[in-house]
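In: Pasting a predicted model and its sequence here:
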Amino acid sequence: MLYDSYSGAIFSIIFGIIKRNSESEELLHTVFLKVWNNIDSFDQNKGTLFTWMAQIARNAALDLKRLKSFENVGNTESFTLHEHDSYSTLTTQDIDLKKITDKIPEKYKVILDKIYLEGYTHQELADEMNIPLGTVKSRLREGVNLLRQSLKNERHLLYMFINF
Amino acid sequence: MDIQAYISSGILELYVIGALSSDDMKEVEEVAGKYPEIQIEIYEISRSLEQYARLRGKELSPEVWSGLQQKLASQNDRRVGGSMINPSKSRDSFINGLYIILAVALSGVFGYLLYQSNQLKKNINELQSRLIQCDSLKDKMNLELDKLYAVSGINVKRTVLQPNPEYNSVKMVMHSDVAGEKNIMQILQAPGLNIGEVYQLWYFDDKNTPVPLETFTGDQLINQFSFIPQAKVYAITIEPEGGSTVPTLSRLIGTFSLM
């Protein structure tokens, strides 16, 4: 089911940008309604379903953030994202994703979090972290590569374990 | 085109995240359409970031899902009511519409049949009423016919009323069928009656004593009376309604003498 598979991850993207639980839940509804209403426009040649949904969620969250100027108001709710330990697909059920991200150095992980989960633009992040724009781009690229590499290794280990 | 350099540029990560301009997005899609390696790379990046997002995802409360279900139901209701039509609900509405049309049609047919039934009942009642009237008329006509047969028979003795001088314009005929034991009186001209008055027939016995017979109003031209075999003379008087036991001689119209 679409909601069971993706709601937690989509929520994490929305919450990473909005920082408010109730608004994030409300926007999650809006995003899923948009997805259901526009599912015909999804083109699998352009990426995965989740990527398409994540882009809808990110755009909606950034629009809301700009509209309400939530950024830097300092009144975020006391809510923290908890790492998920029950995923529906084979790769996420059987692979210790926590271990995967632990293998990614913090300087890459923070770039991934800020850009992918919190909606920062490269320039915004460069300004905030006081690092060159090129460094942000290269660290993002490297972070994704490390992530992919870790996933590949975990899949390989899982494959070996299954066939042992 | 140097595919590896394109992949290493980092543009694909930005594409997957959705951080490119619309022109750059179109460019990546065009390149991916030409080079399968780039399409595979995009897929791999997408999968990696999806799993990363899932890792950072949280278990949502059931209320979030129920809230979404309510909004979906509300949206579907609006669509059915508005221009957007949910196919299954549209089909249901179509079937419901057919049921309604069928129900209306059946109601119409039922109403029409009920109306026809009532009309038929009314007609039957009217016909029965007319039949009763016909029967009554038939009986009456048969009676009249009997009277006519009685007065026209060859064995019938006809006696003309001998009126008193006061009633000399009165014309009445007594038809006596001795064999059939019938007395039929034919009224041709009768004197007027006041309110509360009737004609009364009498016969005289052997001692010439008047004996009262039937009363009548003269409405009918032919009237049947009791046949008295020994009677030789009949008389007609005008009496109070209900008749009298003794004739009012001052109101004697006349007599029939059968001798």
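Out: Looks like it arrived, so ask away. Numbers count the residues shown, from 1 in each chain, chains lettered A, B, ... in the order given.

In: can you give me the helices for the chain?
Out: Just going to use chain A. A:2-18, A:21-37, A:49-68, A:90-94, A:97-102, A:106-112, A:122-129, A:133-162 (DSSP state H).

In: let's do chain B instead
Out: Counting by DSSP H, chain B has these helices, from start to end: B:3-8, B:11-17, B:22-34, B:36-55, B:62-81, B:87-152.

In: could those be laid out in a markdown table, adding distance to chain A, mean neighbour count and mean pLDDT?
Out: For the C-beta atoms, the positions are set from N, CA and C on the backbone; glycine is no exception. Formatted as a markdown table, the helices of chain B follow (distance: least, Cβ to the nearest Cβ, whole Å; neighbours: other Cβ atoms under 10 Å in any protein chain shown; pLDDT from 0 to 100):
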| stretch | distance to chain A | mean neighbour count | mean pLDDT |
| --- | --- | --- | --- |
| helix B:3-8 | 7 | 14 | 85 |
| helix B:11-17 | 5 | 24 | 85 |
| helix B:22-34 | 6 | 13 | 87 |
| helix B:36-55 | 4 | 21 | 83 |
| helix B:62-81 | 5 | 13 | 78 |
| helix B:87-152 | 13 | 11 | 78 |
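
In: mind putting those helices in a markdown table, distance to B:Thr245 included?
Out: Formatted as a markdown table, the helices of chain B follow (distance: least, Cβ to Cβ, whole Å):
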| stretch | distance to B:Thr245 |
| --- | --- |
| helix B:3-8 | 144 |
| helix B:11-17 | 133 |
| helix B:22-34 | 130 |
| helix B:36-55 | 127 |
| helix B:62-81 | 95 |
| helix B:87-152 | 28 |
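
In: which residue packs closest to the residue in the stretch 51-200 of chain B positioned nearest to chain A, ignoring adjacent ones?
Out: Closest approach between the stretch 51-200 of chain B and chain A, counting by Cβ to the nearest Cβ: B:Gly57, at 3.1 Å. Closest residue in space to B:Gly57, ignoring its immediate chain neighbours: A:Gly8 at 3.1 Å, by Cβ to Cβ, 6 or more residues apart in numbering or on different chains.

In: Check A:Gln55 too.
Out: In space, and not counting its chain neighbours, A:Gln55 is closest to B:Gly18: 3.7 Å by Cβ to Cβ, 6+ apart.

In: List the contacts of the residue nearest the centre of chain A.
Out: Central residue of chain A (Cα atoms, centre = their mean): A:Leu117, 4.3 Å from the mean position. Taking Cβ atoms under 8 Å, 6 or more residues apart in numbering or on different chains, we find A:Leu117 in contact with A:12-13, A:16-17, B:53, B:56.

In: Domain map for the chain?
Out: With no chain named, the answer covers chain A. A:1-82, A:90-164 (automatic domain parsing).

In: that answer is for a different chain, and I need it for chain B
Out: Domains of chain B are assigned by automatic domain parsing as B:3-57, B:83-152, B:157-257.

In: Which single residue of chain A ends up nearest chain B?
Out: For chain A, Cβ to the nearest Cβ, closest residue to chain B: A:Gly8, 3.1 Å.

In: Hmm, B:Leu60 and that residue touching each other?
Out: Yes: using Cβ atoms under 8 Å, A:Gly8 is in contact with B:Leu60, at 6.2 Å.

In: between those two, which one's more packed in?
Out: A:Gly8 (24 against 18; other Cβ atoms under 10 Å in any protein chain shown).

In: which residues touch that one?
Out: A:84, B:54, B:57-60.

In: Can you lay out those residues as CSV showing distance to A:Ala61?
Out: Shown next, in CSV, are the contacts of A:Gly8 (distance: Cβ to Cβ, whole Å):
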residue, distance to A:Ala61
A:His84, 19
B:Arg54, 17
B:Gly57, 15
B:Lys58, 15
B:Glu59, 20
B:Leu60, 16
